[in-house]
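>>> All I have is the shape, not the residue letters:
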Ligand code: ARG
């Protein structure tokens, strides 16, 4: 979480002073208030601890709004120019770390306006004409989310490039393919990695699709009903690179679908990263020994000197939980809210920011691990040598060469597996005579399909695991990466 709370703040929240008022009413909205809020009210109400990261979006939105107010003759050019210069100064101060934050000023919007007032005086009060914090925060948050989507899309592209490069290097490497984590059929490692390439392709599509829907500008919806001032919402929308202004002012300030879609896309993608992370944990165990991770992505144990733990992979797996949690949390915040804005919606940001950070972190860590891993070809190959992994190839041979219906072939192969199991060998350890006892028509040729190289080489169907197919898929994947 972006806000830091130590244990003493649990105590702080329970003191008597918390419920006493704090003197002065709020200077920006306190006209009808006789006194200030209770301390605990100020604390629960403030979002500045986490929404301060929206400062750039807030100032960009305010400048677009100000330009439009000038162009429409709603404020004078003289006031407008002061406001624009003042906003630039506020931005510089924030970026230089010269800015004081105060929970009394609630959020980033009031901080910027209040500092603007200190710098340029009364003219600052004209900026909020034909605008409300409700359309302002929706605009800022959309701008931030759109930016996050673009950056994360670039990060996912990096992960895809790492996967394709690794897949190309290991197009011929054979390992067991599993179903139920039981040896099923041999596959190539390049093929296995390309499966994740496909997932991340869909994830990027989902985020881009959500970006399209997000890309309408709420600014000018004002509090909820629009405004009586002659504003030009098309101008502000275009200035902020939105496709169009939102069509309904009530919806504009009430909609958080864009954050939900972002979180849902992030959660699905995090699940993919988590599944790959789980495979890395399994593959790097001594029992599997399929891959090694270097010192860069592992840690040692403080008590067991022999250990090399895949912590980065484990944390990728766990952080997916945070992202799923953020999605759940916002779904639950939103589900009972009447139109239009309710303060509940302020709880949209912390979870979304946290999820975006966690998502960026696990994409980067996963990209690093894919680059870093070395592949133990021998261990992968020898792991295919038990579990009768070419049984399907044998059944297919019976169909193709002896013209057996597949169901019968399945049955005959089952008997041969049972025989091999009894004898304590793999399928190619049976003699031709032993096989012919099960079915007299079997010939020597059957042995040509029982080794794993022949098995993978034969799976040339579109999208299949044969090394030649994988090389073709790598080429196609490279062309598809945008
Ligand atoms: N900090 C608020 C938020 O994040 C800004 C909007 C406040 N609007 C209001 N009517 N109090 O949602």
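That came in fine, so what should we check first? Note that this is a predicted model, so its numbers are computed, not measured.
>>> what's the neighbour count on the nearest residue to residue 107 once chain neighbours are set aside?
Counting by CB to CB, 6 or more residues apart in numbering, residue 107 lies nearest to residue 47, which is 4.6 Å off, once chain neighbours are set aside. Every C-beta, even on glycine, is put in place using the N, C-alpha and C of the backbone. Residue crowding around residue 47 was assessed by other CB atoms under 10 Å; the count is 21.
>>> what's the answer for residue 325, then?
16.
>>> Leaving out the residues flanking it, which one is nearest to it?
Using CB to CB, 6+ apart and skipping residues adjacent in sequence, the residue nearest residue 325 is residue 351, 7.5 Å away.
>>> Make sure the one you found is indeed in a helix.
Yes - assigned with DSSP: H, G, I helix; E, B strand; the rest coil, residue 351 falls within a helix.
>>> list the contacts for it?
If a contact means CB atoms under 8 Å, 6 or more residues apart in numbering, then residue 351 has 263, 325, 326, 329, 330 as its contacts.
>>> near the ligand, which residues of this structure show up?
Residues of the chain lying close to the ligand by CB under 6 Å from any ligand atom are 47, 51, 107, 133, 134, 137, 341, 343, 345, 346.
>>> can you pull the pLDDT of the residue nearest to residue 107?
Per-residue confidence (pLDDT) for residue 47: 97.
>>> That one and residue 105, how far apart?
Distance, residue 47 to residue 105, using CB to CB, to the nearest Å: 10 Å.
>>> for residue 320, same thing?
36 Å.
>>> Those two: which is more packed in?
residue 320 (25 against 21).
>>> pretty sure that one contacts residue 362?
Yes - the pair formed by residue 320 and residue 362 meets the contact definition of CB atoms under 8 Å, at 7.1 Å.
>>> Now do the shared contacts for those two.
Overlap between the contact sets of residue 320 and residue 362, as judged by CB under 8 Å, 6+ apart, is given by 270, 273.
>>> Okay, buried residues for stretch 214-233 please.
Of the residues in stretch 214-233, 214-222, 224, 226-227, 231-233 count as buried by neighbour count, 16 or more other CB atoms under 10 Å.
>>> biggest helix in the protein by residues?
Ranked by residue count, the top helix of the chain under DSSP state H comes out as helix 133-169.
>>> name the helices or strands packed onto it?
Packing contacts for helix 133-169, counted by 3 or more CB pairs under 8 Å, 6 or more residues apart in numbering; DSSP states H and E, involve helix 55-71, helix 108-120, helix 189-214, helix 249-254, helix 257-283, helix 348-372, helix 467-480.
>>> quick one, the third one and helix 467-480 angle?
Okay, so that is helix 189-214. Between the axis of helix 189-214 and that of helix 467-480 there is an angle of 30 degrees, by axes from the mean of the first three to the mean of the last three CA atoms, to 10 degrees.
>>> Just list what helix 189-214 packs against, helices and strands only.
In terms of contacts (3+ CB pairs under 8 Å, 6+ apart), helix 189-214 is packed against helix 133-169, strand 174-179, helix 257-283, helix 467-480.
>>> what mean pLDDT would you report for the longest one?
Right, the one you point to is helix 133-169. Per-residue pLDDT values over helix 133-169 give a mean of 98.
>>> same deal with stretch 93-100?
In the prediction, stretch 93-100 has an average pLDDT of 97.
>>> Surely residue 322 and residue 354 touch.
Yes - with contact taken as CB under 8 Å, residue 322 and residue 354 are classed as touching, separated by 6.6 Å.
>>> on that earlier part again, got the phi and psi for the residue nearest to residue 107?
Taking degrees, to the nearest 10, you get phi -120, psi 0 for the backbone angles of residue 47.
>>> in this protein, what spans have low per-residue confidence?
For the chain, residues meeting the criterion pLDDT under 70 lie at 1-8, 21-22.
>>> before we move on, back to that, tell me which residues in the longest helix of the chain are buried?
133-146, 148-149, 152-153, 155-164, 166-168.
>>> Mind checking what secondary structure residue 10 has?
Applying three-state DSSP to residue 10 yields a three-state assignment of helix.
>>> OK, contacts around the closest residue to residue 429 other than its chain neighbours?
Nearest residue to residue 429, sequence neighbours excluded (CB to CB, 6+ apart): residue 420, at 6.4 Å. Contact partners of residue 420, counting by CB under 8 Å, 6+ apart, are 388, 426, 427, 429, 430.
>>> Now, of those residues, which are buried?
Counted by 16+ other CB under 10 Å, those give 388, 426, 427, 430 as buried.
>>> For the ligand, what's the nearest residue on the stretch 251-400 of the chain?
Residue nearest to the ligand within the stretch 251-400 of the chain: residue 346 (3.7 Å; CB to the nearest ligand atom).
>>> and that residue, how many neighbours does it have?
One way to gauge burial is a neighbour count; for residue 346, by other CB under 10 Å, it gives 19.
>>> Against residue 386, how distant is it?
The gap separating residue 346 from residue 386 is 58 Å, by CB to CB.
>>> next one: residue 359
For residue 359, the distance to residue 386 (CB to CB) stands at 39 Å.
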